[in-house]
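A.B. asks: Test case, fold it:
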Amino acid sequence: MTNEEPIETAQEAGEMTSAYDSMNIIENTLDDFISVADVDMVYGPPIKEGDTLIIPTAEVLAVMGFGVGSGSGSAPDEEGKGHQGYGEGSGGGGGGSVLSRPVAVIIASPEGVRVEPVVDATKIALAALTAAGFMAGMLFRMRRLR
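C.D. replies: As a prediction, this is how the structure comes out:
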């Protein structure tokens, strides 16, 4: 058992959020994604081993999308005259993902600096299988057309 209180959103409380609130949420999300573009995300901390310095590098991909909506309106009464009610609304939302993968290691030693790529054998095998499957499918299709 905890003392944590459940967090109630404005929508659960029956309150409407304004377009300003939605834009604040989107702005904060964009700030978080921009912080991903930091150099520390691409280059890892250097590792020193004797006279050799090793720096890991990565590829970082940030993808996001968002949307904002608004609305208002009123409904005519039963006779088509006047207005029975008034509606209003707004909203926004978004989401995204950050992916990273190692791509190379920079090695600086007394002999010089070199870049050693990180080879992902699984991706190479999957690409080869995909290409082979595509070629087999195309050959089958070409033979069937004759």
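
A.B. asks: Please count neighbours and contacts with C-alpha atoms only from this point.
C.D. replies: Fine.

A.B. asks: Just give the nearest non-adjacent residue to the residue most central in space within the chain, would you?
C.D. replies: Nearest residue to the geometric centre of the chain (C-alpha atoms, centre = their mean): Ser97, 2.2 Å. In this structure, Ser97 finds its nearest non-sequential neighbour in Val63, 5.4 Å apart by C-alpha to C-alpha, 6 or more residues apart in numbering.

A.B. asks: quick one: contacts for that neighbour?
C.D. replies: Val63 sits next to Gly96, Ser97, Val98 when contact means C-alpha atoms under 8 Å, 6 or more residues apart in numbering.

A.B. asks: With Ser109 instead?
C.D. replies: Contacts of Ser109 (C-alpha under 8 Å, 6+ apart): Asp51, Thr52, Leu53.

A.B. asks: From the chain's centroid, how far away is the host helix or strand of the last one?
C.D. replies: I take that to be Leu53. Element membership of Leu53, judged by DSSP states H and E, is strand 52-76. Computed by C-alpha atoms, centre = their mean, to the nearest Å, the chain-centroid distance of strand 52-76 equals 6 Å.

A.B. asks: Going by neighbour count, list what's buried in it.
C.D. replies: Ile54, Ile55, Pro56, Thr57, Ala58, Val60 (16 or more other C-alpha atoms under 10 Å).

A.B. asks: Help me confirm that the last one comes into contact with Val39.
C.D. replies: Okay, so that is Val60. No: using C-alpha atoms under 8 Å, Val60 is not in contact with Val39; the gap is 10.1 Å.

A.B. asks: can you tell me the helix or strand for Met138?
C.D. replies: For Met138, the host element (DSSP H and E) is helix 121-145.

A.B. asks: Then Ala104?
C.D. replies: strand 83-109.

A.B. asks: Which strands or helices does the helix or strand following that strand pack on?
C.D. replies: The helix or strand immediately downstream of strand 83-109 is strand 112-117, counting by DSSP H and E. Packing partners of strand 112-117 (3 or more C-alpha pairs under 8 Å, 6 or more residues apart in numbering; DSSP states H and E): strand 83-109.
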